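Asks: missing the sequence, but the structure's below:
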């Protein structure tokens, strides 16, 4: 009888503990998330809001404000900005005010082989994927330092930052830049208690990802090169972003975390 | 080469300016173990999980791991592009 009671108590305690540790709390924090109208950015914004953060979302067009508002309950702000413009990026930081957490999730694709990359496409891709995170992070970090507050920054990079993939020359080049930006920021902002990390997902099943990998001739070889045998869901990436933003990662700084089902670990065995 | 001692300030080689607490390592180990989705999507057999396993066994060596280049892999405070070796 006593043993049964103890076991029941242990099970109840375990369940309570699981509930309490279901995820980190970001209560009282302000999170700025770019690309917040869809995909990884939107899911990160949702999850941060669910865990108590005040979210400021950055979207690329006025028509996307509604998408942001439909998915986030509560008093969260939305800023419309063209992240290929340095002025707009700086305006985002000003409008966001005091920020504790930054997620640079906005990005543009650029499907072209090395021989076909147009300089204009490269410039656009570089401006949004690499320069915007740099400039926005500069603004946010300066504000944190001025306030004497610590914080965390996560960039969304890609598995292709370190693995050549056909027709991704310009895009991957910008993501390689994001990986270096991560390490450089970690080195120079660490002394202020500002941590910087990035996630490097494989193909993510966003509407854009679905479309880009719809062709079975491309899709199947890529799937075969991922040991877990599937592409990433948006939540796979958001989980990792939230961990890197949380206090559980208080000593994690300057890392590029593959969220790739083992793609990079197994790249020597690509079919 | 800088001599690493208990008294030496770690700020030269670790951007966050401190050694790891056991909880820093435990927090990440628990994260890696916690959710099947998160767990499986880390690099299978990769350096992150292996390095953290080492840290959890030898927590007092965390700073040494960072200085030996494993710091990038296990993320103990900063990237390896540091100048503390000179």
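Replies: Right, received. Where do you want to start? Here the structure is a predicted model, which is why all the values come from computation and not from measurement. Numbering: from 1, shown residues only, chains lettered A, B, ... in the order given.
Asks: show me what contacts residue A:219?
Replies: residue A:213 (CB atoms under 8 Å, 6 or more residues apart in numbering or on different chains). (Glycine included, C-beta is placed from N, CA and C.)
Asks: in chain B, which residue sits nearest chain A?
Replies: Of all residues in chain B, the one sitting closest to chain A is residue B:15 (2.3 Å; CB to the nearest CB).
Asks: which pLDDT value belongs to that residue?
Replies: Residue B:15 carries a pLDDT value of 92.
Asks: again with residue A:266
Replies: pLDDT, residue A:266: 87.
Asks: my guess is it contacts residue A:225. True?
Replies: Yes: in this structure residue A:266 lies within contact range of residue A:225 using CB atoms under 8 Å: 7.1 Å.
Asks: and the longest helix belonging to chain B, does that touch chain A?
Replies: Determined from DSSP state H, the single longest helix within chain B is helix B:22-34. Yes: with CB under 8 Å from any CB of the partner chain as the measure, helix B:22-34 is seen reaching chain A through B:24-25, B:27-28, B:30-31, B:34.
Asks: mind giving me the PyMOL command for buried ones among these?
Replies: Under the burial definition 16 or more other CB atoms under 10 Å in any protein chain shown, those of these that qualify are selected in PyMOL by:
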select buried, chain B and resi 24+25+27+28+31+34
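Asks: just give me the neighbour total for residue A:213.
Replies: Residues near residue A:213, counting by other CB atoms under 10 Å in any protein chain shown, number 17.
Asks: now do the strands in chain A.
Replies: A:30-34, A:54-59, A:77-80, A:101-104, A:151-156, A:194-201, A:256-259 (DSSP state E).
Asks: out of these, nearest to chain B?
Replies: Using CB to the nearest CB, the nearest of these to chain B is strand A:256-259, at 4.8 Å.
Asks: contact partners of the closest one?
Replies: A:157, A:159, A:161-162, A:179, A:182-183, A:197-202, A:232, A:236-237, A:240, A:244, A:264-265, B:41-43, B:46, B:48.
Asks: and it, what's its mean pLDDT?
Replies: pLDDT averaged over strand A:256-259 gives 96.
Asks: ok, now which ones touch residue A:92?
Replies: Applying CB under 8 Å, 6+ apart to residue A:92 gives the contacts A:32, A:34, A:58, A:79, A:81, A:83, A:136, A:139.
Asks: for residue A:101, same thing?
Replies: A:26, A:29-32, A:48, A:53, A:151-153, A:245.
Asks: measure it to residue A:126 for me?
Replies: 25 Å (CB to CB, to the nearest Å).
Asks: also residue A:217?
Replies: Residue A:217 is 29 Å from residue A:126, by CB to CB.
Asks: quick one: which of those two has more around it?
Replies: A count of neighbours by other CB under 10 Å puts residue A:126 above the other of residue A:217 and residue A:126, at 19 against 6.
Asks: which regions of the chain lie under the pLDDT threshold?
Replies: You didn't say which chain, so I picked chain A. A:1-22, A:268-271 (pLDDT under 70).
Asks: chain B was what I was after
Replies: B:1-11, B:35-86.
Asks: if we go to 50?
Replies: Across chain B, the ranges flagged by pLDDT under 50 are B:1-3, B:39-86.
Asks: still on that earlier bit, between residue A:266 and residue A:225, point out the one with more neighbours.
Replies: Set side by side, residue A:266 and residue A:225 show more neighbours around residue A:225, with 22 against 18, by other CB under 10 Å.
Asks: how about chain A: which residue is closest to chain B?
Replies: residue A:190 (2.3 Å).
Asks: neighbours of that residue, just the number please.
Replies: 22.
Asks: now it, nearest residue through space, not along the chain?
Replies: If the residues on either side of it in the chain are set aside, residue A:190 comes closest to residue B:15, at 2.3 Å by CB to CB, 6 or more residues apart in numbering or on different chains.
Asks: could I get the phi/psi values of the one you found?
Replies: phi -50, psi -30 (degrees, to the nearest 10).
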